[in-house]
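dropping a prediction and its sequence here:
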Amino acid sequence: MSVGRPAVPPGLRPLIRRGPGLRARLTLLATGLVAAVSALLLWLGWLLVGNVVAGVPRLPPGGLVRVGEALVPAEQLGAALRASARHQVLTAGGAAFVAVVLAAAVLAWTVTGRVLRPLQEVTDSARRLSAESLDERIALGGPRDEVAELADTFDAMLDRLQAAFDSQRRFVANASHELRTPLAVIRTELDVTLSDPDADAEELRRMAEVLREAAARAERLVEALLLLARTDGAELAERERVDLHEVAVRARRGVEAEAQARSVRITCHGEPVFVLGDPALLERIAENLLENAVRHNVDGGWVEVVTTIAGRSALLRVSSSGPLIDPDQVDALFAPFRRAGVQRTARTGAGLGLSIVRAAVTAHGGRVTALPVEGGGLTVAVELPTF
């Protein structure tokens, strides 16, 4: 079985090389430089030998002198010696010149091949890449030179791409599952009602109420998905000086009615804390935390909101009562479509609240942590850099 170049992934246009490759060009360049230097040295040797032999003392004319196999007149001894010396220099130097140039070409081809081998590995890895083979890495060993730095940078880029692709797959799968639920409700209600020939106005009104609630749920989900897509990994659109305590107070007013309906007591205290960030995203952080604390609370429970300065960071902490939460499952609550105690089964919300909080906090250069409350409930702390 013949071994050739890696197949080009579907959808990727094959690259057409124009002219010789880098290895061939470097070899030709090195060989040309060695040939030029060797030719210059051969010419200098030929010139110097001729000048040195030309300094032989002149002999009286009329005699013969043996030079090699030939007899030459004494007055022509200098010219004969110079011609013989230059001939020997050209003969020996020419052979050495050819040997040096060939050796330089072989050495240059071998060395450039070894030097450029990591680049070929990078190229082969890039050709093999597709959405299904992002787990491949170069993992180049050897000295930490510029080529190794390039390979490490390429591996780091692959790590980011693989994380992005995996996150996208999970997100699309979860979003499809969530959107399928309200659509299935709508279709079921329509099928049941249309199959009943005796359906009256009251039945049609009931169907309309169910359809409106399912459509509202799908709308809330789509809005949350769009907000998460705009926030996750994005740069802040604007930066303003915002009082985090005032943002928390406004978020409390937004959930007051829902909290009173379930007899949930909300306390909000702290001090004015100013941060530099996007006002809309900061309000969304506080709103999502309070909505999550109220909706996943117990009837007659409590919610405590605190804003303060912690070192060089502004702290927004929302604690609430609620069901018992396994400490090992706390980090999973920040994944899309996860809720405390359930997954994709809550009747209200889209399961994206804490995911949006984490994305928005990360966009501000902060961090968010969560800890279960003893006896049931959750504490979520948001740390944002101050000025």
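Yep, that arrived.

please, where are all the strands along the chain?
Secondary structure of the chain by DSSP state E: the strands cover 64-67, 70-73, 240-243, 265-270, 274-277, 302-310, 313-320, 338-339, 342-343, 367-372, 378-385.

can you point out the buried residues in the longest one?
Meaning strand 302-310. Under the neighbour-count criterion of 16 or more other CB atoms under 10 Å, strand 302-310 has 302-307 buried. All C-beta atoms are positioned from the backbone trio N, CA, C, and that covers glycine.

over to the last one?
Residues of strand 378-385 classed as buried: 378-384 (neighbour count, 16+ other CB under 10 Å).

got TSV for those, with pLDDT and distance to residue 173 too?
Shown next, in TSV, are the buried residues of strand 378-385 (pLDDT from 0 to 100; distance: CB to CB, whole Å):
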residue	pLDDT	distance to residue 173
378	92	26
379	92	30
380	92	26
381	93	30
382	93	28
383	92	31
384	91	32
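
any chance of those in JSON lines with distance to residue 127 as columns?
Output for the buried residues of strand 378-385, formatted as JSON lines (distance: CB to CB, whole Å):
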{"residue": "378", "distance to residue 127": "48"}
{"residue": "379", "distance to residue 127": "50"}
{"residue": "380", "distance to residue 127": "45"}
{"residue": "381", "distance to residue 127": "46"}
{"residue": "382", "distance to residue 127": "44"}
{"residue": "383", "distance to residue 127": "44"}
{"residue": "384", "distance to residue 127": "44"}
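
which of the residues you listed lies closest to residue 361?
Closest approach to residue 361 among those (CB to CB): residue 382, at 5.6 Å.

ok, that closest one - contacts?
285, 289, 315-317, 357, 361, 366-368 (CB atoms under 8 Å, 6 or more residues apart in numbering).

scan those residues and report the most crowded one.
Neighbour count (other CB atoms under 10 Å) singles out residue 285 as the most crowded of these, with 31 neighbours.

which residues does that residue contact?
For residue 285, the contacting residues are 247, 316, 356-357, 360-361, 382, by CB under 8 Å, 6+ apart.

can you find the helix or strand in the chain with the smallest mean pLDDT?
Ranked by mean pLDDT, DSSP states H and E, the weakest helix or strand in the chain is strand 342-343, scoring a mean of 42.

before we move on, back to that, so which of the strands of the chain gets nearest residue 144?
Judging the strands of the chain by CB to CB, what sits closest to residue 144 is strand 367-372, at 31.4 Å.

ok, back up a step: which stretch in the strands of the chain is the model least sure about?
When those are ranked by mean pLDDT, strand 342-343 comes last with a mean of 42.

could you dump the strands of the chain to JSON lines with distance to residue 186?
Compiled in JSON lines, the strands of the chain are given as follows (distance: least, CB to CB, whole Å):
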{"stretch": "strand 64-67", "distance to residue 186": "113"}
{"stretch": "strand 70-73", "distance to residue 186": "114"}
{"stretch": "strand 240-243", "distance to residue 186": "40"}
{"stretch": "strand 265-270", "distance to residue 186": "35"}
{"stretch": "strand 274-277", "distance to residue 186": "39"}
{"stretch": "strand 302-310", "distance to residue 186": "34"}
{"stretch": "strand 313-320", "distance to residue 186": "33"}
{"stretch": "strand 338-339", "distance to residue 186": "23"}
{"stretch": "strand 342-343", "distance to residue 186": "23"}
{"stretch": "strand 367-372", "distance to residue 186": "35"}
{"stretch": "strand 378-385", "distance to residue 186": "33"}
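
among those strands, which comes closest to residue 128?
Across these, closest to residue 128 is strand 338-339 (CB to CB), at 34.4 Å.

was I right to think residue 309 contacts residue 386?
Yes: if you go by CB atoms under 8 Å, residue 309 and residue 386 touch, sitting 7.3 Å apart.

identify the contacts common to the two.
Joint contacts of residue 309 and residue 386 (CB under 8 Å, 6+ apart) are residue 273.

list the contacts of residue 371.
Contacts for residue 371 were tallied using CB under 8 Å, 6+ apart; they are 327, 330, 378-379, 381.

switch to 10 Å and redo it
By CB atoms under 10 Å, 6 or more residues apart in numbering, residue 371 lies in contact with 319, 325, 327, 330, 377-381.

who's it bridged to?
residue 379 (DSSP bridges).

roughly how far apart are it and residue 43?
For residue 371, the distance to residue 43 (CB to CB, to the nearest Å) stands at 83 Å.

do residue 330 as well
Counting by CB to CB - residue 330 and residue 43 are separated by 81 Å.

nearest to residue 158, of the buried residues of strand 302-310?
Using CB to CB, those come closest to residue 158 at residue 307, 40.9 Å.
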